[in-house]
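1. Below are the sequence and a predicted model for it; my questions follow.
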Amino acid sequence: MTMPDDVRLLTEELARDPNSLAFVTLGEALRRQGQLDMALKVTLRGLARHPYLPDAHDLGARICVDRGEIERAFEEWDMVLTLAPGHLGALKGLGFVCFHRERFADAERYLSAAAAADPQDEQVERALRHVRTARADGWTEPLAHALPASLMDDSRYLFVNVLNEEGQTALLLDRDGLVLAGAYVGADGKDVAQEVGAELSGVTEAARRTTRHLSMGDWTSIVFETEVAVVAMAPSQHDGLLVLATSRATPLGLVRRLLDKCSDRAGRWLEERV
């Protein structure tokens, strides 16, 4: 049975019985297909009828992570623990969110509880070791390995082991402004990468034309300051664009070093995809 068949049958079941718990399975199927808006709509409708179902809130949290809504995911997982203390998925999810926000003490607390709930979970144990290393040594190891395997494979977290400070975010775009990797997290915690990519479509080619017109050679990077951030850009392979944003307090020398590190990481990632 293919996934579309699953979705069709589950949708028909919910139509026959709106109170069915099949909405959880349907929401997960839609999430795996990448239909995040529909998955969230199905989940919220189900929660309206079953507001105290922990697995439904857990599903909602995972959908929010996929949508880049990290704070909302935290609230959903926090609700799961209120309804079902010790829920493994919520403990792991909250550990991830706290790690993502560099709240290492909280991350260790949640992951320790997850490890106690399932001592055989190697992903949790590995994540816990790296979080403890981060607290003891202050980011002396590449902490991307602390993420669950499913998230390590997620291109949105490509630069997580490069950008260690709050307010730093990076984005890799193709020549048409489509997001290839990374994230662009706004002040409200929401990932606005797609919107940023659309606005920056064509920047690489425009910069190339300008530098050639001025006989300046090929462009390698641009750094400028805004009212709220320092933004740096560099061309990537296949006429793409790398965008880095940091807080205004970041020294320009560090901005350039971070841009170089992100460029190197992006280059290696693109080569691995060939």
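-> Now that the structure is in, tell me what you want to look at.
2. Just the helices from this protein, written as ranges.
-> Secondary structure of the chain, counting by DSSP state H: helices at 3-16, 22-33, 36-49, 54-66, 70-83, 88-100, 104-117, 122-137, 149-152, 193-199, 203-213, 252-273.
3. From the contact counts, what lies against the fourth one?
-> Counting contacts by 3 or more CB pairs under 8 Å, 6 or more residues apart in numbering; DSSP states H and E, helix 54-66 packs against helix 22-33, helix 36-49, helix 70-83, helix 88-100. Every C-beta, even on glycine, is put in place using the N, C-alpha and C of the backbone.
4. The helices of the chain: lowest mean pLDDT?
-> For the helices of the chain, mean pLDDT drops lowest on helix 149-152, to a mean of 45.
5. quick one: furthest residue from the center of the chain?
-> Ser215 (39.9 Å; CA atoms, centre = their mean).
6. picking up where we left off before, between the helices and strands packed on helix 54-66, which gets nearest to Leu128?
-> Taking CB to CB, helix 88-100 is the member of these nearest to Leu128, at 8.1 Å.
7. How far does the closest one sit from its chain's centre?
-> Taking CA atoms, centre = their mean, to the nearest Å, one finds the center of helix 88-100 at 13 Å from the center of the full chain.
8. which residues are contacting it?
-> By CB atoms under 8 Å, 6 or more residues apart in numbering, the residues outside helix 88-100 that reach it are 54-55, 58, 61-62, 65, 70, 73-74, 77-78, 80-81, 84, 104, 106-107, 110-111, 113-114, 117-118, 121, 123-124, 127, 131, 143, 146-148, 151, 160.
9. ok, and for it, which residues are buried?
-> Neighbour-count burial for helix 88-100 flags Gly89, Ala90, Leu91, Lys92, Gly93, Leu94, Gly95, Phe96, Val97, Cys98, Phe99, His100 (criterion: 16 or more other CB atoms under 10 Å).
10. Kindly report the same for stretch 115-130.
-> Buried-residue list, stretch 115-130, by 16+ other CB under 10 Å: Ala115, Asp121, Gln123, Val124, Arg126, Ala127, Leu128, His130.
11. sorry, back to before: for Leu241, find the nearest of the helices of the chain.
-> helix 203-213 (4.9 Å).
12. ok, and the closest non-adjacent residue to Glu13?
-> Counting by CB to CB, 6 or more residues apart in numbering, Glu13 lies nearest to Ala22, which is 4.7 Å off, once chain neighbours are set aside.
13. now Val42
-> Val42's closest residue in space is Gly27 (CB to CB, 6+ apart), at 4.6 Å.
14. Ok, Gly177 next?
-> Per CB to CB, 6+ apart, closest to Gly177 is Ser201, 3.0 Å.
15. what's the answer for Tyr110, then?
-> Sequence neighbours aside, Gly95 is the residue nearest to Tyr110 in space, at 3.9 Å (criterion: CB to CB, 6+ apart).
16. Can you give me the neighbour number for the residue nearest to Glu13?
-> When neighbours are defined as other CB atoms under 10 Å, Ala22 has 18 of them.
17. residues in contact with it?
-> So Ala22 contacts Leu10, Glu13, Leu14 (CB under 8 Å, 6+ apart).
18. rewinding a little: check the spacing between the residue nearest to Gly177 and Glu225 real quick.
-> Ser201 is 23 Å from Glu225, where distance means CB to CB, to the nearest Å.
19. Excluding chain neighbours, what is closest to Thr11?
-> Residue nearest to Thr11 in three dimensions, not counting chain neighbours: Leu26, with 6.5 Å by CB to CB, 6+ apart.
20. surely that neighbour meets Val7?
-> Yes: the criterion here is CB atoms under 8 Å, and Leu26 meets it with Val7 at 6.5 Å.
21. Compare the two and say which is more crowded by neighbours.
-> Between Leu26 and Val7, counting by other CB under 10 Å, Leu26 is the more crowded of the two (25 against 18).
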